[in-house]
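>>> quick check, what structure comes out for this input:
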Amino acid sequence: MAERKQVDWEGVERDYSAGLLSLREIADKHGTKEGTIRSRAKTNDWSRNLSEKIAQKVESISRKE
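Numbering: from 1, shown residues only. Okay, the predicted model is just below:
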């Protein structure tokens, strides 16, 4: 049986969140399947729009000051 390739899921999430590549392009880049990425994104609640995360980070930083 063929050995499974280790997938850099943090890298996949970064590419997914950036929204610059299609799911197919991300899958090809990281050696996995489009459907697998879609499943992981749904399970782990990944967002393709980082504006919400950025706003939360800015708010948390401003609260510390």
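>>> by residue count, what's the longest helix in this structure?
Criterion DSSP state H: the longest helix present in the chain is helix 51-64.
>>> give me the contacts around that helix.
Surrounding helix 51-64, the residues in contact under the criterion C-beta atoms under 8 Å, 6 or more residues apart in numbering are Ser47. (Glycine included, C-beta is placed from N, CA and C.)
>>> ok, the closest residue to Gly19 other than its chain neighbours - contacts?
Leaving aside its sequence neighbours, Gly19 sits nearest to Arg48 (C-beta to C-beta, 6 or more residues apart in numbering; 4.5 Å). Contacts of Arg48 were listed using C-beta under 8 Å, 6+ apart, and they are 16-17, 19.
>>> can you tell me the number of residues neighbouring Arg24?
Residues lying near Arg24 (other C-beta atoms under 10 Å) number 11.
>>> correct me if wrong: it contacts Thr32.
No. Checked against C-beta atoms under 8 Å, the pair Arg24 and Thr32 is beyond contact range at 10.9 Å.
>>> on that earlier part again, from Gln56, how far off is the residue nearest to Gly19?
16 Å (C-beta to C-beta, to the nearest Å).
>>> before we move on, what about Gly11?
Distance check for Gly11 against Gln56: by C-beta to C-beta, it reads 22 Å.
>>> could you do Arg14 as well?
Taken as C-beta to C-beta, the spacing of Arg14 relative to Gln56 amounts to 17 Å.
>>> ditto for Lys64
13 Å.
>>> swap in Arg24?
Separation of Arg24 from Gln56 (C-beta to C-beta) stands at 30 Å.
>>> where's Leu20 relative to Glu59, distance?
The span separating Leu20 from Glu59 equals 25 Å under the rule C-beta to C-beta.
>>> wait, I meant Gly19
Separation of Gly19 from Glu59 (C-beta to C-beta) stands at 22 Å.
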